[in-house]
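J.: Got a predicted structure plus its sequence, pasted below:
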Amino acid sequence: MPSTTTDHPTATITLDATPSSTIDRRIYGHFLESAFFGNIEGGVFDEGSPHAIAESGPLQGCRADVIEACRELGLPVVRWPGGNFTSPYRWQDGTGPRDARPRTLELAWGSEESNRFGTPEFLAWCREVGTEPYLAHSARSVDDAVRWVEYTNYGGDTTLTRRRAADGLHDPQDVRIWGIGNEVYGPWQMGHRPVEQYTHAAREHARFMRAVDPSLQLVAVGDEHREWTREVVAELGHQVDSVSLHLYGASRHLVDPSVAEYEAVVAQARYVEQAICDQSELIAATRPRHGERRPIGIAMDEWNIRHMEPGAWPEPQPGADGGFADREQPELEGAADADGRALRRVNRYSSRTLADALFYAGVFHAMHRASALEVPVTMANTVNLVNANGLLAVRPEGVVKTATFHVWDLYQNHTGPVHVPVRVDGPSWTQAVRQGDDRRADGSFRTTPAVVGHLDASASFSADGSTAYLAVINRSATSDVRARIAVPGGLPAQVTARTVGVGEADLFAVNTLEAPGRVSLTGPTAVGLDEGCHTFPAHSITVLSWTRT
């Protein structure tokens, strides 16, 4: 819990005088995957629910309370239909009269897909919540991709545009962002192939998809492995707008809810930042050697932190309160379980925690700083928006805004788009930082030692430069940190503060239907600065804002 003494560790936060870059709003994007732990059916789409829209049309069956929560937050962009689901997906099955659509065996997650929520439903839902759609294609058939673009975007009179109109979408939908494949490098994907085959297919996809609509913005499949990404950039850099990067952290707090585990969670933002920088450097170094001059960015279109648990425990099931249901859990036996080596299963119903909130904030800071790189992050899509470790936990009784929701609200709606360099000098600790869920041969987490500052800061201005924002994470589990804030031109005596996590003692606290505001956004509150100093409470996120003079 926050320190109660006045002898706080001290730090200095120094803002630069000159803005350096623009933060792309799409970094606050989201992700929906069909057939994935209540993302769509039982989440966004829930026919028969008293919360579902009853009026006929493509929105019929969609949860009105989910739409309301999404509107409240504001969604820049949403990726669909996956994820792994993308690779075997037949988009045509999700068009036409709902009752006539085929019910099929779904090969990504081994379920049965009703196809009752398809392209017309997704695009109508995006329009209703005010977000930009991002469609991911399997990249297994050029003609299939071309016809999907025709169905969504073409303005002429064809069989597919007539089908679109009959599906309730009378005008061209102008879907701009399209993914060419998903994780094609992985043998778990239908359509897995070597990089040479993928780039050959993707070139043809790009050419003919743009023959239907030249304005498409295309995302190619990248990877953390340098050889794959280097070849993708070399062969596709002149045709695509961004290269994907998928990054996941790992938490073992379900087994060990300790301070040490909290520190391991929040420190993993360092791993994400290093991976972004490595990818940016690789793309920038590859392009000139191949004569590519098209602007290109990184689409971090899958990222999150996974809550790991032993496979010997009973399978988790959704709980009525928004998390997972109570279950009998056997005691862990032996050190192998205790240090994480047997934690192989992701608990898809585990709610987002306060520790996760600080991890997400650290990733946003990393993407803010990356906006100044030669190859910046231009879009990011967290997995997921609804259920399955998402921003919203949707249950028959209602919707829980998880800790994640409030972090997005804080950064997306209460910081600026103009990045300002900032330096932090202050207390720190040394941490063996997990490299996501990457494992050694013995099954333990792979780590790299790093220095982790108690404070991490990101500064920004509003678009017109009239308002300054300073976002500060205090990662310390126990210590408040008093910081002197040095700003060119000085600070006013009073600023506005918004916070997440202040006053919550449990490092892994979660929100539920019964306690919906345990981890929430507070403010705006007017706070005075003592000679330019402010005390940032332990395990919290704070955004200070003021009018520039």
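T.: Thanks, I have the structure now. Computed from a predicted model, the values in this text were never measured in an experiment. Numbers count the residues shown, from 1 in each chain.
J.: I'd say residue 465 and residue 418 touch.
T.: Yes - with contact defined as Cβ atoms under 8 Å, residue 465 counts as touching residue 418 (7.0 Å). Backbone N, C-alpha and C define where each C-beta goes, glycine included.
J.: who touches both of those two?
T.: residue 19 (Cβ atoms under 8 Å, 6 or more residues apart in numbering).
J.: So those two - more neighbours on which side?
T.: Using other Cβ atoms under 10 Å, the more surrounded residue of residue 465 and residue 418 is residue 418, with 20 against 11.
J.: Surely the more buried one touches residue 463?
T.: Yes - using Cβ under 8 Å, residue 418 is in contact with residue 463, at 6.6 Å.
J.: Quick one: mean pLDDT for the helix or strand where residue 433 lies?
T.: Using DSSP states H and E, residue 433 sits within strand 428-439. Averaging the model's pLDDT scores along strand 428-439 yields 94.
J.: pLDDT averaged over the helix or strand following that strand - what is it?
T.: Where DSSP H and E defines the elements, the next helix or strand beyond strand 428-439 is strand 445-453. The average pLDDT within strand 445-453 is 96.
J.: so what strands line up beside whichever helix or strand comes after strand 445-453?
T.: Next along the chain after strand 445-453, taking DSSP H and E as the criterion, comes strand 455-461. The strands beside strand 455-461 in its sheet (DSSP bridges) come out as strand 418-420 (antiparallel), strand 467-474 (antiparallel).
J.: closest one to residue 406 among the ones you listed?
T.: Taking Cβ to Cβ, strand 467-474 is the member of the strands paired with strand 455-461 nearest to residue 406, at 13.5 Å.
J.: which residues of the protein score low on pLDDT?
T.: Along the chain, the model assigns pLDDT under 70 to residues 1-7, 332-341.
J.: follow-up on the earlier one: buried sites along the strand holding residue 433?
T.: Neighbour-count burial for strand 428-439 flags 428, 431, 433-437, 439 (criterion: 16 or more other Cβ atoms under 10 Å).
J.: How about residues contacting that strand?
T.: So strand 428-439 is in contact with 247-250, 263-264, 267-268, 270-271, 306, 308, 445-454, going by Cβ under 8 Å, 6+ apart.
J.: what about the nearest residue to residue 189 once chain neighbours are set aside, distance to residue 175?
T.: In this structure, residue 189 finds its nearest non-sequential neighbour in residue 87, 4.4 Å apart by Cβ to Cβ, 6 or more residues apart in numbering. With the distance defined as Cβ to Cβ, to the nearest Å, residue 87 ends up 19 Å from residue 175.
J.: next helix or strand past the longest helix belonging to the chain?
T.: Identified as the longest helix of the chain according to DSSP state H is helix 259-289. Sequence-wise, the next helix or strand downstream of helix 259-289 (DSSP H and E) is strand 297-309.
J.: which helices and strands does that following strand pack with?
T.: Judged by 3 or more Cβ pairs under 8 Å, 6 or more residues apart in numbering; DSSP states H and E, the packing partners of strand 297-309 are strand 29-31, strand 242-251, helix 259-289, strand 345-346, helix 354-370, strand 377-382.
J.: Can you tell me the SS state at residue 161?
T.: Secondary structure, DSSP: H, G, I helix; E, B strand; the rest coil: residue 161 is helix.
J.: Tell me what the most centrally placed residue in the chain is bridged to.
T.: Geometric centre of the chain, nearest residue: residue 382, 1.8 Å, by Cα atoms, centre = their mean. For residue 382, the beta-bridge partners under DSSP bridges are residue 30, residue 303.
J.: What ranges does the chain have for its helices?
T.: Using DSSP H, helices in the chain cover 64-73, 119-129, 142-153, 159-166, 195-212, 226-236, 259-289, 334-338, 354-370, 403-414.
J.: Make a markdown table out of these and add distance to residue 51 and mean neighbour count.
T.: Listed next are these as a markdown table, based on distance: least, Cβ to Cβ, whole Å; neighbours: other Cβ atoms under 10 Å:
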| stretch | distance to residue 51 | mean neighbour count |
| --- | --- | --- |
| helix 64-73 | 5 | 18 |
| helix 119-129 | 14 | 22 |
| helix 142-153 | 28 | 20 |
| helix 159-166 | 27 | 15 |
| helix 195-212 | 37 | 18 |
| helix 226-236 | 42 | 19 |
| helix 259-289 | 33 | 19 |
| helix 334-338 | 40 | 12 |
| helix 354-370 | 26 | 26 |
| helix 403-414 | 18 | 23 |
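J.: Adding distance to residue 320, write those out as CSV.
T.: Formatted as CSV, those follow (distance: least, Cβ to Cβ, whole Å):
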stretch, distance to residue 320
helix 64-73, 16
helix 119-129, 25
helix 142-153, 38
helix 159-166, 39
helix 195-212, 44
helix 226-236, 43
helix 259-289, 26
helix 334-338, 29
helix 354-370, 22
helix 403-414, 19
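J.: Can you say which of those helices is nearest to residue 321?
T.: Residue 321 lies closest to helix 403-414 among the helices of the chain, at 14.6 Å (Cβ to Cβ).
J.: Alpha carbons of that closest one, as PDB, please.
T.: Extracted in PDB, the C-alpha atoms of helix 403-414 (Å, rounded to 0.1, in the frame of the first residue of the first chain):
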ATOM      1  CA  ALA A 403      -8.800  -2.100 -15.000                       C
ATOM      2  CA  THR A 404      -7.700  -2.100 -18.700                       C
ATOM      3  CA  PHE A 405     -10.700   0.000 -19.700                       C
ATOM      4  CA  HIS A 406      -9.700   2.800 -17.300                       C
ATOM      5  CA  VAL A 407      -6.100   2.800 -18.500                       C
ATOM      6  CA  TRP A 408      -7.300   3.200 -22.100                       C
ATOM      7  CA  ASP A 409      -9.600   6.000 -21.000                       C
ATOM      8  CA  LEU A 410      -6.800   7.800 -19.200                       C
ATOM      9  CA  TYR A 411      -4.300   7.800 -22.100                       C
ATOM     10  CA  GLN A 412      -6.600   7.900 -25.100                       C
ATOM     11  CA  ASN A 413      -8.900  10.700 -23.800                       C
ATOM     12  CA  HIS A 414      -6.700  12.600 -21.300                       C
END
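J.: hmm, who's touching it?
T.: Against helix 403-414 from outside (Cβ under 8 Å, 6+ apart): 25, 28, 69, 73-74, 76, 351-354, 356-357, 360-361, 364, 382, 390-392, 469, 471, 498, 500, 509-511, 519-521, 541, 543, 545.
J.: And those residues, which of them are buried?
T.: Among those, those that count as buried by neighbour count (16+ other Cβ under 10 Å) are 28, 69, 73, 76, 351-354, 356-357, 360-361, 364, 382, 390-392, 469, 471, 498, 500, 509-511, 519-521, 541, 543, 545.
J.: And residue 41, how far from residue 47?
T.: Taken as Cβ to Cβ, the span from residue 41 to residue 47 is 8 Å.
J.: Equivalent analysis for residue 388, please.
T.: For residue 388 relative to residue 47 (Cβ to Cβ), the value is 19 Å.
J.: So the two - more neighbours on which side?
T.: For residue 388 versus residue 47, neighbours defined as other Cβ under 10 Å are more numerous around residue 388 (22 against 17).
J.: can you tell me how far residue 472 sits from residue 454?
T.: Taking Cβ to Cβ, one finds residue 472 at 10 Å from residue 454.
J.: Those two: which is more packed in?
T.: Between residue 472 and residue 454, counted using other Cβ under 10 Å, residue 472 has the larger neighbour count: 26 against 22.
J.: and that one, what are its bridge partners?
T.: Note on residue 472: beta-bridge partners by DSSP bridges are residue 457, residue 542.
J.: For it, give its distance to residue 527.
T.: Here the criterion is Cβ to Cβ. By it, residue 472 lies 13 Å from residue 527.
J.: who touches both of the two?
T.: Joint contacts of residue 472 and residue 527 (Cβ under 8 Å, 6+ apart) are residue 544.
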